[in-house]
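>>> Below is the sequence, then the predicted model.
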Amino acid sequence: MRYLLFSMLLLGAIPAFAQNIQPLEPISGHYQSLQKKDPKAQAGRAWMDTLSFPPDKYSWSALYALVQPYYLNAVQVSALQKGPQAPANSSDQTRAELDHLLELQAKRTPEQVKRVTFLGDIGYWPHVNVAEKHPAQAKNQADLFFEGREILGAACTPQAYPKTLHLFKGMMNDMRIMEFALKYEQLRARPYHLEPRLQPLAIMQSPSFASGHTLWAYLQAFLWSELRPDKRSQFLSLAEEIRQSREIMGIHFPSDNETARVLAHQMLGLMAKNKKFQADLIAAKMEWKK
């Protein structure tokens, strides 16, 4: 079925999806106010610019930067990787972001800690699919459909929507590549490396910029919104909760999160120009019209 749809698309029998993705919502809230701060280095805090993510903390996840993309191509990944720049460690923007994280920490409740810890444990990893009997396979696929299940209900499962599963697997392959290509391009220190008063709820094994959780949360929310445009506001609200959870945990700067939100939309826009993606999206959409 997928190959028939792909052939029809190539022959012009099905209108192309490219250029039709829904527009990105404007920046808002504390992301907007913090982005107005000066991102350039400040001499009075120059010591902070000597710090980066510690090399001895690198994890195996860096290897994703070597994986071949599925819907994007290497040129697109490289261009996106070189685009956004994190504020300097010594900048007024970074200082304001650290103060924001300290305020969130002071207000953390037990209920918040429980919820953000739960959200922090969600994540889909393409390498798990290499072995069908991998012990993490069931959780991996369940996590891939986490947003769909949260918004659309328990009937939204990978087994019930195999075309949607295929589409999301390809998208998440490219998401992980993009995440670690950018992280290891800039090697941004985590907030707790710069601010000793922060007490993070987790110690991370990859650089801070940009947020991988926020990248997948918004990329999935944008893609689910193409399958179910009537639920866009709910998907975006869930993605927003996920990105803010990273700040409550004390492990990501707001600029990590806003960059990831914008990057997710840019990635989907580029994927939408890929004929394989177009065919896979059409096949997934047909599942939701039954």
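Perfect, I can see it now. Residues are numbered from 1 along each chain as shown.
>>> Might you report the residue contacts of Pro162?
Going by CB atoms under 8 Å, 6 or more residues apart in numbering, Pro162 touches Glu287. No exception for glycine: its C-beta is placed from N, CA and C like everyone else's.
>>> Over to it: give its phi and psi.
Phi and psi for Pro162, reported as degrees, to the nearest 10, are phi -60, psi -30.
>>> Report the separation between it and Ser90.
As judged by CB to CB, to the nearest Å, Pro162 and Ser90 stand 50 Å apart.
>>> Any stretches of the stretch 151-290 of the chain with poor pLDDT?
290 (pLDDT under 70).
>>> And the helices in it, which stretches?
Read by DSSP state H, counting those that start in this stretch, the stretch 151-290 of the chain holds these helices, from start to end of the chain: 162-186, 191-194, 212-227, 232-248, 254-271, 275-287.
>>> can I get these in TSV with distance to Thr109?
Formatted as TSV, these follow (distance: least, CB to CB, whole Å):
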stretch	distance to Thr109
helix 162-186	29
helix 191-194	20
helix 212-227	20
helix 232-248	10
helix 254-271	20
helix 275-287	38
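>>> quick one, which of those is packed in tightest?
helix 212-227 (a mean of 24; mean count of other CB atoms under 10 Å).
>>> Which other helices and strands does that helix contact?
helix 146-152, helix 162-186, helix 232-248, helix 254-271, helix 275-287 (3 or more CB pairs under 8 Å, 6 or more residues apart in numbering; DSSP states H and E).
>>> Quick one: closest of those to Leu104.
helix 232-248 (5.3 Å; CB to CB).
>>> CA atoms only: put the closest one into CSV for me.
Output in CSV follows, covering the C-alpha atoms of helix 232-248 (Å, rounded to 0.1, in the frame of the first residue of the first chain):
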residue,chain,number,x,y,z
ARG,A,232,-3.6,20.8,17.8
SER,A,233,-4.0,22.9,20.9
GLN,A,234,-4.0,19.8,23.2
PHE,A,235,-0.9,18.4,21.6
LEU,A,236,0.9,21.8,21.9
SER,A,237,-0.2,22.1,25.5
LEU,A,238,1.3,18.7,26.3
ALA,A,239,4.6,19.6,24.4
GLU,A,240,4.7,22.8,26.4
GLU,A,241,4.4,20.9,29.7
ILE,A,242,7.2,18.6,28.6
ARG,A,243,9.5,21.5,27.8
GLN,A,244,8.8,23.4,31.0
SER,A,245,9.4,20.2,32.9
ARG,A,246,13.1,20.3,31.9
GLU,A,247,13.4,23.7,33.5
ILE,A,248,11.6,22.6,36.7
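>>> Between helix 254-271 and it, find me the angle.
Between helix 232-248 and helix 254-271, the angle comes out at 140 degrees (axes from the mean of the first three to the mean of the last three CA atoms, to 10 degrees).
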